[in-house]
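In: Sequence plus predicted model, see below.
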4 protein chains.
Amino acid sequence: MASPVRPAKATPKGRATDAAFRHSARTIFARDGYLSATVGDIAAEAGKSEATFYNYYTSKADLLGALAEDFHAETTRFAQRSYRTGRAPQEAQREAVAGFWQTYAERRGELIGIFQAAMLDAEFAGHWLDIRARAIRNIAREIRHAQHRGYCPGVDPELTASALSAMLEQFCYVWQAQGGDRIEHDFTVERAIDTLSSVWFHAVYWKPSGP
Amino acid sequence: MASPVRPAKATPKGRATDAAFRHSARTIFARDGYLSATVGDIAAEAGKSEATFYNYYTSKADLLGALAEDFHAETTRFAQRSYRTGRAPQEAQREAVAGFWQTYAERRGELIGIFQAAMLDAEFAGHWLDIRARAIRNIAREIRHAQHRGYCPGVDPELTASALSAMLEQFCYVWQAQGGDRIEHDFTVERAIDTLSSVWFHAVYWKPSGP
Amino acid sequence: MASPVRPAKATPKGRATDAAFRHSARTIFARDGYLSATVGDIAAEAGKSEATFYNYYTSKADLLGALAEDFHAETTRFAQRSYRTGRAPQEAQREAVAGFWQTYAERRGELIGIFQAAMLDAEFAGHWLDIRARAIRNIAREIRHAQHRGYCPGVDPELTASALSAMLEQFCYVWQAQGGDRIEHDFTVERAIDTLSSVWFHAVYWKPSGP
Amino acid sequence: MASPVRPAKATPKGRATDAAFRHSARTIFARDGYLSATVGDIAAEAGKSEATFYNYYTSKADLLGALAEDFHAETTRFAQRSYRTGRAPQEAQREAVAGFWQTYAERRGELIGIFQAAMLDAEFAGHWLDIRARAIRNIAREIRHAQHRGYCPGVDPELTASALSAMLEQFCYVWQAQGGDRIEHDFTVERAIDTLSSVWFHAVYWKPSGP
DNA sequence: TATGAATGAGATTTCATTCAT
DNA sequence: GATGAATGAAATCTCATTCAT
């Protein structure tokens, strides 16, 4: 988070080292969590010295910030693509949910890092809340749209969006980072996405029953 | 977590000191988070020395474990009461949601502590998952019950329960511990509980439309 | 410099440890200089661990600040005494010079520390300049007094005081901290004080030569 | 100080780079002091890389040594010129004082560097004491000369020279490097030089009063 | 029961310096 | 001649925890 400008390293070797640090950090964060991870761990995993780390990032938080920027850039790109197509709402939703799950799976390291850092560091928490806020506004817009077509009259679009977003996030965290709820269950990704989509869909696309 | 046996202190003075540490810890956890809190902070807030702290608990995690046990005992009592009464499902749900929100508000310190500790410490994560599992099983039972009456055919009761539980938990965390999502919104507790109840209700109590 | 309040340690043992740190610091500063000294050195010389050091002072600079306060308190006491007595100016001066030399000899450690710290740290430099300023104002007053009796007409009292003060300070530093100028010379303290007194006296107590 | 031989770089470009480092060092030393300055700072100010620095100097101390040599060469030239002319002592002195002040102003960077290095490094201290010693011997010769003409009988020429030299040096340091004493005063360079000259003159050119 | 004092262990960070290109 | 990359070494500081009183 220290440097808003983050100039790319000049040489291929430098860029390779930078990539090694990012990759190492994602591995370590995913394995040990952000808080337990030390700069020493990350450097060792990357096969570099601690001092070298500080030639690339000013701190562990700085590196996480860089990962968060990457993540944010990607999800932004994804979200813009996601809601464009003219599909039926249920399908569009399922795709959005699946996309989030997928991103989470691929970016486990940074997500664990970001969540944990947000618990410790108010500045980081702010960052993360900003990212969420954008997603929530998009969801709220969809809900308003549905309301114009007679669905879910009376519900608060923003809070509903916030709740659905919270569900998505926490469910993915529990099942992907924490190893899942301790219930007797035959978990599959397919079913998980079905479940999230179903809750989401029925939470929005209902109409008041007859007279 | 260290001592499975936790004998109550013998004297009134000792019990008062113990209570002071617990109260202090809840305050500090709520203010600074569990991870940032130091034994020194907790002792200072309790008006005792750090050394005294170790006469009562073997570590910060031990104290959190004690708080978690208290919390668990109370929520268990609460849950047993909650589902007994023969009210309409929507009302029963709203009450359950309101109860969780309320408990969260009253126990902010330990809940923040437990969440954060669960992120760092596998043992703690296990504890928390066990507590959640019990709640999830109760919710899943309700969903099965609804399915017998023709609602939400085909959905996975356990995963749906897990998702709703995740929503509840994370929504409360965001709005009570993190200060809320950064959306333009006129938040009230009433509306928050309405929103959660509505999502929950419509996620379960729907029937397939059409002939 | 960190804590304006510096409460004395509660027990005799604590006070002894504190004294040990101060004594150790003076020894180390006098031997290695302030800048070369590490907290580790100081702690080792005091026979304590580094961690213990930080139970007493927040940093090396903090300890130096405490020494500076002690020093300041003593010199203030000394200065108030020095100018009271109704002696001949030459004698009074000689005593003042001797007093400074003596203080310097006794407080070599802190003085070296203060000088060096003043070179690095603007805050410290400010402290030291304040202490000097007080001394300079006293000297300037004496010069004005002399001028009223017809001595050294036309000279600038403040700048002259500043110059004499600079001489005193630097001469003591060179001969007491740096081992003296590399000139062939049979140095004695007596002669050193004579010399400083003589310069000082003749710089002030001259009258314009006759017509 | 590492390389007794310091061969000039072969090419014009090399000499330009060398000059850039020296200039940069003087700027940085004057601004941050020698001790706070890092090789990185100096290289950055010179617009070169740190690695390049080490193609020219073996260390920061080595560069300071080179600057000290330059300085020494120049002051030696100056000093030889200064005392030749057959002026009245008072004028000659004033010129010497003014010359020192002037040199100090022009060479602020290296002088701050040399002073600070002398505080840390015994070898450097030796260098500086050697330079001073030469100046002091010259002053002492002048004092002896004055004594032959009946002035200041009985004073120790070497110590007096040492004291006057200390005054000059420290006064210049305080007013040019540290921003001056914190006294209410309308400082001008003219008055400063007047003051130093006056102290110096009267310290030497007095004769015992009365019969 | 309470606590002042003490410490080991470890993490962060800086910086001078080397080396291959 | 110039430099990007890499590192060893060291200093600072924090904190959980123990122990004697």
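Out: Perfect, thanks for sending it.
In: Identify the residues contacting A:A98.
Out: Residues in contact with A:A98, defined by Cβ atoms under 8 Å, 6 or more residues apart in numbering or on different chains, are A:I193. Just so you know, the C-beta spots here come from the backbone N, C-alpha and C atoms, and that holds for glycine as well.
In: Which of the helices or strands spans it?
Out: Using DSSP states H and E, the element containing A:A98 is helix A:89-106.
In: worst-scoring helix or strand of chain A, pLDDT-wise?
Out: Using mean pLDDT, DSSP states H and E, the weakest-scoring helix or strand in chain A turns out to be helix A:60-82, at a mean of 81.
In: Need the contact partners of that helix.
Out: Contacts of helix A:60-82 (Cβ under 8 Å, 6+ apart): A:1-3, A:6, A:21-22, A:25-26, A:29, A:34, A:37-39, A:42, A:56-57, A:92, A:95-96, A:99, A:103, A:107, A:109-111, A:113-114, A:117, A:121, A:124, A:127-128, A:131, A:134-135, A:138.
In: Kindly recompute the last result at 7 Å.
Out: With Cβ atoms under 7 Å, 6 or more residues apart in numbering or on different chains as the test, helix A:60-82 has contacts from A:1-2, A:6, A:21-22, A:25-26, A:34, A:37, A:39, A:57, A:95-96, A:99, A:103, A:107, A:110, A:113-114, A:117, A:121, A:127, A:131, A:135, A:138.
In: close to DNA strand E, is that helix?
Out: Yes. Using Cβ under 7 Å from any atom of the strand, helix A:60-82 comes into contact with DNA strand E via A:K60.
In: sorry, back to before: which of the contacts of helix A:60-82 are buried?
Out: When these are checked for burial by 16 or more other Cβ atoms under 10 Å in any protein chain shown, the buried set is A:1, A:21-22, A:25-26, A:34, A:37, A:39, A:57, A:95-96, A:99, A:103, A:107, A:110, A:113-114, A:117, A:121, A:127, A:131, A:135, A:138.
In: Out of those, which sit inside strands?
Out: Residues from the buried ones among the contacts of helix A:60-82 lying in strands, with DSSP state E as the criterion: none.
In: near chain D, which of those residues show up?
Out: For chain D, no contacts are drawn from those by Cβ under 7 Å from any Cβ of the partner chain.
In: so which of these also contact DNA strand E?
Out: Restricting those to those near DNA strand E by Cβ under 7 Å from any atom of the strand leaves A:V39.
In: count of neighbours near the closest residue to DNA strand F within chain A?
Out: Closest approach of chain A to DNA strand F (Cβ to the nearest atom of the strand) occurs at A:G14, with a separation of 1.9 Å. If you count neighbours by other Cβ atoms under 10 Å in any protein chain shown, A:G14 ends up with 13.
In: Can you list the neighbours in contact with the helix or strand harbouring it?
Out: In this structure, A:G14 is located in helix A:12-32 according to DSSP H and E. With contacts defined as Cβ under 7 Å, 6+ apart, helix A:12-32 is touched by A:8-9, A:37, A:41-42, A:45-48, A:53, A:56, A:63, A:66-67, A:108-110, A:112-113.
In: Please repeat the previous calculation with a cut-off of 6 Å.
Out: A:9, A:37, A:41-42, A:45-46, A:56, A:63, A:108-110, A:112-113 (Cβ atoms under 6 Å, 6 or more residues apart in numbering or on different chains).
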